[in-house]
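**Student:** need a 3D model of the following:
(one chain, ligands or ions: 4)
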Amino acid sequence: MKVISLSRSVTDSNDRDAEELRQALKAKGVTLVNLMSSPGSGKTTLLSRIIKDIGHRVNIGVMEADIASDVDAKAIEKLGAKSIQAHTGGMCHMDAGMTRAAFDAAGFDGGIVFLENVGNLICPAEFDTGAHVNVMVLSVSEGDDKPLKYPLMFQKSDALVISKTDAINYFDFDIGKAGERALKLNPGLRIFPVSAKTGEGMAALENWLLEKSRNGEESMTHEDYIKLAIDALDNSYSPYSNFRVGACLVTPEGEVFTGANFENASFGATICAERCAVSNAIAHGKRSFSKIYISCDSGYAWPCGICRQVLNEFRAGDMEVWVGSKDSPWQMKTLSELLPNGFGPGIGG
Ligand SMILES: Nc1nc2c(ncn2[C@@H]2O[C@H](COP(=O)(O)OP(=O)(O)OP(=O)(O)O)[C@@H](O)[C@H]2O)c(=O)[nH]1
Ligand SMILES: [Mg+2]
Ligand SMILES: [Zn+2]
Ligand SMILES: [Zn+2]
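**Tutor:** Numbering: from 1, shown residues only. Ligands and ions are numbered 1, 2, ... in the order given. Purely as a prediction, here's the structure:
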């Protein structure tokens, strides 16, 4: 593991440096994720969990920025991920020039590179590091009033990770209130309550990160999934109801499996399109799905109760359920909205 000493960048145009770095990293196939939070909110523990969970699916590198010590980079290296410890020379944030210097010294391969920024809720938000994705971590022990006190950090972030949810009962932290305050500042913010200790909520965050890392080179788009669901209607066997349904099921890696409803003279033996797609995927060894697109000939066919239960068994995080048809605008609800307090291994509502 390398340790590099950084000094403040000499150029005075951090925004331009950041944009250049962002482009250069993209060309190398690197997605840079800037992790910001106050000290001790759980960034290194979160990264360790992410490496254990998805390190076999995507290359992960970590830049640890601290004023002193190398304990964080050592913890990451132990997990087999490439890491570099950057000492900031007393600086309480990273800028684009410093980020570039650390990146160049580390020799990362493509994939996701995390920058664990200096623990500080204030100035890291003021300096663009060149990251493609900005994520802030707020632990439940810090209080749900932080959006009111540090608005810039919430405005600059793409996602808010609410960490240490396993300890929520010891603190008066209200996830709903924190979320509401944060969304008022930044309506596009994605919110992920997680416990890196128990793993609760991690899959949704990890799916989102995997999706971000595929950006630009995604083989299929939302429109492609919709088209596949509509095309699947042609395979429907529905002589009794004449109600055709097609489904397109998507794994976190973006693989797709389609299905169509098939009825039976003994009506109770009828199989819905959603469960047909699930069977298709199960037969190919898949056990985890992030989205499903469900089409009928016109209007909307929301999944029936049995299908909601079946999808709950195999969801990767909170599944997106898209419903529509050729002539109805597509709508999305999450599975936890469709099946609150669900029974089974999926996340209960
Ligand atoms: N209960 C609980 N404790 C956690 C969790 N994640 C981290 N911690 C604890 O919180 C403390 C700080 O965790 P770190 O991962 O070092 O936090 P950090 O944000 O990297 O800290 P700095 O790099 O010093 O800013 C440690 O004692 C962790 O064990 C969690 O999900 N649940
Ligand atoms: Mg740390
Ligand atoms: Zn600073
Ligand atoms: Zn059904």
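**Student:** if I look at residue 31, how far off is ligand 3?
**Tutor:** 24 Å (C-beta to the ion, to the nearest Å). No exception for glycine: its C-beta is placed from N, CA and C like everyone else's.
**Student:** ok, residue 47 next?
**Tutor:** With C-beta to the ion as the criterion, residue 47 and ligand 3 are 21 Å apart.
**Student:** OK, contacts around that residue?
**Tutor:** 35, 62, 76, 114, 116 (C-beta atoms under 8 Å, 6 or more residues apart in numbering).
**Student:** looking at those, which has the most residues close by?
**Tutor:** Counting neighbours by other C-beta atoms under 10 Å, residue 62 comes out on top of the contacts of residue 47 with 30 neighbours.
**Student:** got the confidence number for that residue?
**Tutor:** pLDDT recorded at residue 62 is 97.
**Student:** assumed it was part of a strand.
**Tutor:** Yes. Under DSSP: H, G, I helix; E, B strand; the rest coil, residue 62 sits within a strand.
**Student:** closest point of the stretch 51-200 of the chain to ligand 4, which residue?
**Tutor:** Residue nearest to ligand 4 within the stretch 51-200 of the chain: residue 200 (27.8 Å; C-beta to the ion).
**Student:** next one: that residue from residue 146, what distance?
**Tutor:** 21 Å (C-beta to C-beta, to the nearest Å).
**Student:** look at these two and report which has more neighbours.
**Tutor:** A side-by-side neighbour count of residue 200 and residue 146, using other C-beta under 10 Å, places residue 146 first with 22 against 14.
**Student:** what sits against the more buried one?
**Tutor:** Residue 146 neighbours (C-beta under 8 Å, 6+ apart): 121, 138, 154, 178.
**Student:** just put those residues in a markdown table and tack on distance to residue 70 and neighbour count.
**Tutor:** Converted to a markdown table, these look like this (distance: C-beta to C-beta, whole Å; neighbours: other C-beta atoms under 10 Å):
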| residue | distance to residue 70 | neighbour count |
| --- | --- | --- |
| 121 | 23 | 20 |
| 138 | 26 | 30 |
| 154 | 30 | 23 |
| 178 | 33 | 24 |
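**Student:** turn those residues into CSV, including secondary structure and distance to ligand 3.
**Tutor:** Shown next, in CSV, are the contacts of residue 146 (DSSP: H, G, I helix; E, B strand; the rest coil; distance: C-beta to the ion, whole Å):
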residue, secondary structure, distance to ligand 3
121, coil, 11
138, strand, 19
154, helix, 18
178, helix, 24
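**Student:** among those residues, which ones lie close to ligand 1?
**Tutor:** The overlap between the contacts of residue 146 and the neighbours of ligand 1 (C-beta under 6 Å from any ligand atom) is empty.
**Student:** number of residues surrounding residue 283?
**Tutor:** 9.
**Student:** for residue 79, grab phi and psi.
**Tutor:** Note on residue 79: backbone dihedrals following degrees, to the nearest 10 are phi -90, psi 0.
**Student:** and for residue 276?
**Tutor:** Residue torsions, per degrees, to the nearest 10, at residue 276 are phi -60, psi -40.
**Student:** what separates the closest residue to ligand 4 within the stretch 101-250 of the chain from ligand 2, distance-wise?
**Tutor:** With C-beta to the ion, the shortest gap between the stretch 101-250 of the chain and ligand 4 falls at residue 245, namely 8.3 Å. Look at residue 245 and ligand 2: by C-beta to the ion, they are 48 Å apart.
**Student:** again, but for residue 230
**Tutor:** 47 Å.
**Student:** pretty sure that residue sits in a helix.
**Tutor:** Yes. Secondary structure of residue 230 (three-state DSSP): part of a helix.
**Student:** what sits closest to it if chain neighbours are left out?
**Tutor:** The shortest distance from residue 230 to any non-neighbouring residue, by C-beta to C-beta, 6 or more residues apart in numbering, is to residue 295 (4.7 Å).
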